[in-house]
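Q: Attaching a predicted model along with its sequence, questions to come.
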Amino acid sequence: MAQEEVYGTRDRVYSAWHRRGSTRRFVGIEPAQTLAMIDLDASLYIEYDDGTKEPLALIETARDVGQTYKCATVTTKLAQRCMPILPAYVLLYTLSEVPNPADPAWQDIASFRVKRLHPKPQHEWVIYTPQAWAVFLVKLRKRTGEILDAEFDA
């Protein structure tokens with residue numbers, strides 16, 4: 001049975017936040033330009049290396065409305081099937097009161113709650129500011145990129 005859209009339209013808030021014009025506020029333009037991602041259904045995003053197009057992480061997203069749980073079973077199972085290990089996260093975002101300065105058609109993001117799904121699932125939410133999440137994504141890209149580089153060099 002098909003599910004209906006919860007809000008009537010596809011929410012593009014995280015997509016707008018993730019664009020280089022937005023994330024440059026937090027990490028500078030050069031690192032922001034390396035933050036490439038593609039959405040599978042406007043709630044599952046794949047962080048990838050812009051040069052090689054190798055997937056770096058799966059991120060299931062949803063608007064944070066105070067929920068204690070976000071079902072991400074398929075995302076977790078997809079990550080478990082990936083070799084080498086592909087990390088997976090569930091990410092909830094809280095809307096800001098102001099529009100995203102890089103794309104005023106969408107609200108900005110005030111904060112994130114994140115749990116790692118795979119490997120080593122986390123049971124508690126970790127709170128991130130937008131800047132801290134952008135920095136995390138840059139570090140994730142570097143860490144996972146080093147693993148991929150070692151694999152290709154072997």
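A: Received it, and whenever you're ready, just let me know what you need.
Q: From Y14, how far out is the residue nearest the centre of the chain?
A: Compute the mean C-alpha point of the chain, and by CA atoms, centre = their mean the closest residue is I59, 4.5 Å away. Plainly put, I59 is 9 Å away from Y14 if you go by CB to CB, to the nearest Å. For the C-beta atoms, the positions are set from N, CA and C on the backbone; glycine is no exception.
Q: Name all residues that sit in contact with the two at the same time.
A: Residues touching both I59 and Y14 by CB atoms under 8 Å, 6 or more residues apart in numbering: 45, 91.
Q: Within the helices and strands, which one has the closest residue in space to E124 that isn't next to it in sequence?
A: Spatial nearest neighbour of E124, chain neighbours left out: K115 (7.4 Å); criterion: CB to CB, 6 or more residues apart in numbering. For K115, the host element (DSSP states H and E) is strand 103-118.
Q: quick one: the helix or strand harbouring the residue nearest to the centre of the chain to strand 103-118, angle?
A: Applying DSSP H and E as the criterion places I59 in strand 55-63. Angle of strand 55-63 versus strand 103-118, following axes from the mean of the first three to the mean of the last three CA atoms, to 10 degrees, is 110 degrees.
Q: Downstream of strand 55-63, the next helix or strand is which one?
A: Where DSSP H and E defines the elements, the next helix or strand beyond strand 55-63 is helix 73-81.
Q: Pull that following helix out as CSV, backbone CA atoms only.
A: Output of helix 73-81 as CSV, limited to C-alpha atoms (Å, rounded to 0.1, in the frame of the first residue of the first chain):
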residue,chain,number,x,y,z
THR,A,73,15.2,-0.1,8.8
VAL,A,74,15.7,-0.2,5.0
THR,A,75,18.6,2.4,5.2
THR,A,76,20.3,0.3,7.9
LYS,A,77,19.9,-2.9,5.9
LEU,A,78,21.3,-1.3,2.8
ALA,A,79,24.3,-0.1,4.7
GLN,A,80,24.8,-3.6,6.2
ARG,A,81,25.0,-5.0,2.7
